[in-house]
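A.B. asks: Give the three-dimensional model of this entry:
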Amino acid sequence: MPVTPTTPPRRDALARKDRAEKIALFRYQLIREAADDSVTSRQRGPMVRALAGEHPGPFGEVVHVSKDTLDRWIRLWRRGGFDALKPSGRTQGPVTAPGVLALAETLKRENPARTAAQVRRIMAATLGDAPSESTLLRHFRTLDIPTGTPAAATGRFEAAYCNEIWVGDGLHGPRIAGRKTYLFAFLDDHSRLVVAARWAFAEDTVRLAAALRPAMEARGIPEAVYVDNGSAFSDASLARICARLGIRLIHSRPYRPQGRGKIERFFNTVTSQFLSEITVPEPSATSATADTATTAGTTRTAGMAGTAVSTLAELNALFTSWVEVVYHRATHTTTGQTPLERWDAGWAERRPRRKDPEVITEAFRWSAHRTVSKTGTVSLLANTYQVDPLLAGARVELVYDPFDLTAPIAVSAAGGVPAGQAVLLEISRNAHPKAARAAADTDTGATQTTSGIDYLRLIETHHKDTMTAQPITFTTITDSPATGRADAAHAAAGGEAAR
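C.D. replies: Take a look at the predicted model:
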């Protein structure tokens, strides 16, 4: 029987803004390499011509982009940055009824050999009308239904230079004080250096940012970040961070993890060389069996040989020392160099791309939407802020630091128009609850215990002995031939990235 089309819900200003952000992100990722300042006009022409053509759009559809359009986007990016790539407001077109799309999904799933064209023919014969083939293909891809596209051949890949690509992923670790731990880590694809690593009690975007932000401040800004499709890596906040800092965000396709083998091999090394040396005291006899089962090979009784760890701070401190003293100084079987040597050699004639700390801070801020009261105030996480009284009754966006709710909060009106700052009137929270819990992960009130031969404690002691009290700049590292000074600076940077 015919399906009656439903009227799509009206999109408010904030929904349109979110759509514009996604379109701008798509445009930015497409022109990222061609718009780079290091690319000359002569080099840019062939790159843009090669990019012209069909590409998967921001909402799963196939988008045809011409050379003139790409040139225009590059000019917009250079003049106004990320915000200039956002499209101007336009009228929302017709939306395919959910019931029609559901029927298309059923027809495709019951016979995967059916093409989009065949599904369309069946629907047209049944309903009298049907969506276009491109709409059906977009819908199938959104649902991860195979559309018959042949798989591309793959081979071994390695980034050509340091900070070209950082590969990131998460690893499940042992239980500490009865709580599961997770490791967020990023490797430089060229050198295999651990640029960021931090253990935490949750696998969320807050802990991911806590690992990534100090790494970018210490190691520089990568050109691209390659991650999987886990919830923390698929969150909109990571896309915003990368867009604001000019980083190309790449997600591996589901069931096609090619290119992420290096981080997987690193996690195997972590498991066999580091976690195998960890001894976690059982919180109670009744929960010992369950805890051991969920973290096999990493959680053991206090009576076994190894390094006893009772707090997350201890775990992070020991891991940082192991990375700097052992992993970074072990010769890699593929490169024939240690990660530290290959990283140093990669900067012989180059310098890392750096951003002002304020720019990095802004990129890692969060945003929330609120309606301004009649008195010109807004509420955010039980705190009250004063904004421009002229905004009374308007819907505004608040851009804030989740770790410090007393810091200045930027206010934007509809359309992203800057509207000053929110002034704190009444405070109930100093930080977002998630941020507060993430900060508590780094509690340093640890009681260190040792017994017998404590391999990881020996590494930690050696690591601390090699660190200098005086900070060393990156310029000093690359220009100075003194190995000892470079090693100490790398250890200090690695420690910051792991905290």
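
A.B. asks: Going by C-alpha atoms from here, please, whenever you check contacts or count neighbours.
C.D. replies: Fine.

A.B. asks: need the strands for the stretch 51-200 of the chain, in chain order.
C.D. replies: Shown for the stretch 51-200 of the chain, the strands assigned by DSSP state E, counting those that start in this stretch span residues 53-56, 62-65, 165-176, 179-188, 194-200.

A.B. asks: what's the fourth one packed up against?
C.D. replies: This points to strand 179-188. strand 165-176, strand 194-200, helix 205-219, helix 261-269 (3 or more CA pairs under 8 Å, 6 or more residues apart in numbering; DSSP states H and E).

A.B. asks: contacting residues around that strand?
C.D. replies: Counting by CA atoms under 8 Å, 6 or more residues apart in numbering, the neighbours of strand 179-188 from elsewhere in the structure are 162-175, 193-203, 207-208, 211, 262-263.

A.B. asks: now do the longest one
C.D. replies: With contact meaning CA under 8 Å, 6+ apart, strand 165-176 is reached by 159, 180-190, 203, 222-228, 260, 262-263, 267, 275, 280, 291, 295, 298-299, 309-312.

A.B. asks: out of these, which are buried?
C.D. replies: Listed as buried from the contacts of strand 165-176 are 180-190, 203, 222-228, 260, 262-263, 267, 275, 280, 291, 295, 298-299, 309-312; burial here means 16 or more other CA atoms under 10 Å.

A.B. asks: I'd guessed residue 141 sits against residue 147; true?
C.D. replies: Yes. Taking CA atoms under 8 Å as the definition, residue 141 is a contact partner of residue 147 at 7.3 Å.

A.B. asks: Give me the neighbour count for residue 37.
C.D. replies: When neighbours are defined as other CA atoms under 10 Å, residue 37 has 9 of them.

A.B. asks: ok, it to residue 246 distance?
C.D. replies: 12 Å (CA to CA, to the nearest Å).

A.B. asks: What of residue 383?
C.D. replies: Taking CA to CA as the measure, residue 383 falls 33 Å from residue 246.

A.B. asks: More neighbours: the two, which one.
C.D. replies: The residue with the greater number of neighbours, taking residue 383 and residue 246 and applying other CA under 10 Å, is residue 246; the counts read 19 against 16.

A.B. asks: Could you pull up the residues touching that one?
C.D. replies: With contact set as CA under 8 Å, 6+ apart, residue 246 has these partners: 32, 223.

A.B. asks: What pLDDT does the model give it?
C.D. replies: In the prediction, the pLDDT value recorded for residue 246 is 92.

A.B. asks: what separates it from residue 212, distance-wise?
C.D. replies: Taking CA to CA as the criterion, residue 246 is separated from residue 212 by 15 Å.

A.B. asks: again, but for residue 325
C.D. replies: Going from residue 325 to residue 212 by CA to CA gives 21 Å.

A.B. asks: If you count surrounding residues, which of those two has more?
C.D. replies: Each of residue 325 and residue 212 had its neighbours counted (other CA under 10 Å), and the higher figure belongs to residue 212 (23 against 19).

A.B. asks: Residue 328 touches residue 340, doesn't it?
C.D. replies: Yes. Residue 328 lies in contact with residue 340 (CA under 8 Å); the separation is 5.3 Å.

A.B. asks: Which neighbours do the two have in common?
C.D. replies: Taking CA under 8 Å, 6+ apart as the criterion, residue 328 and residue 340 both touch residue 193.

A.B. asks: show me the contacts for the residue nearest to residue 384 when sequence neighbours are not counted.
C.D. replies: With sequence-adjacent residues excluded and distances taken as CA to CA, 6 or more residues apart in numbering, residue 384 is closest to residue 426, at 5.0 Å. Going by CA under 8 Å, 6+ apart, residue 426 touches 383-385.

A.B. asks: Could you do residue 104 as well?
C.D. replies: Contacts here follow CA under 8 Å, 6+ apart; on that basis residue 104 touches 119-120, 123, 136.

A.B. asks: quick one: low-confidence parts of the protein?
C.D. replies: Residue ranges of the chain with pLDDT under 70: 1-15, 89-94, 148-156, 254-259, 282-306, 439-459, 462, 465-499.

A.B. asks: If you count residues, where's the longest helix of it?
C.D. replies: With secondary structure taken from DSSP state H, the chain has its longest helix at helix 13-31.

A.B. asks: Which strands or helices does that helix pack on?
C.D. replies: With 3+ CA pairs under 8 Å, 6+ apart as the test, helix 13-31 has helix 67-80, helix 236-245 packed against it.

A.B. asks: Quick one: distance of the shortest one to the chain centre.
C.D. replies: Taking the mean of its C-alpha atoms, helix 236-245 sits 8 Å from the chain's own mean (CA atoms, centre = their mean, to the nearest Å).

A.B. asks: now stretch 326-335
C.D. replies: Counting by CA atoms, centre = their mean, stretch 326-335 comes out at 26 Å from the chain centroid.

A.B. asks: Endpoints of that stretch, how far apart?
C.D. replies: From its first residue to its last, stretch 326-335 covers 17 Å (CA to CA).

A.B. asks: What of stretch 231-240?
C.D. replies: End-to-end distance for stretch 231-240: 15 Å, by CA to CA.

A.B. asks: what's it in contact with?
C.D. replies: Stretch 231-240 is touched from outside by 25, 203-205, 208, 227-228, 249, 363-364, 366, with contacts defined as CA under 8 Å, 6+ apart.

A.B. asks: Next, the buried residues of it.
C.D. replies: With burial defined by 16+ other CA under 10 Å, the residues of stretch 231-240 counted as buried are 232-233, 237-240.

A.B. asks: Generate CSV for those, with distance to residue 373 as supplementary columns.
C.D. replies: Putting the buried residues of stretch 231-240 into CSV (distance: CA to CA, whole Å) gives the following:
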residue, distance to residue 373
232, 33
233, 35
237, 27
238, 31
239, 31
240, 28
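
A.B. asks: Tell me the one among these nearest to residue 371.
C.D. replies: Comparing the buried residues of stretch 231-240 against residue 371 with CA to CA places residue 237 closest, at 21.8 Å.
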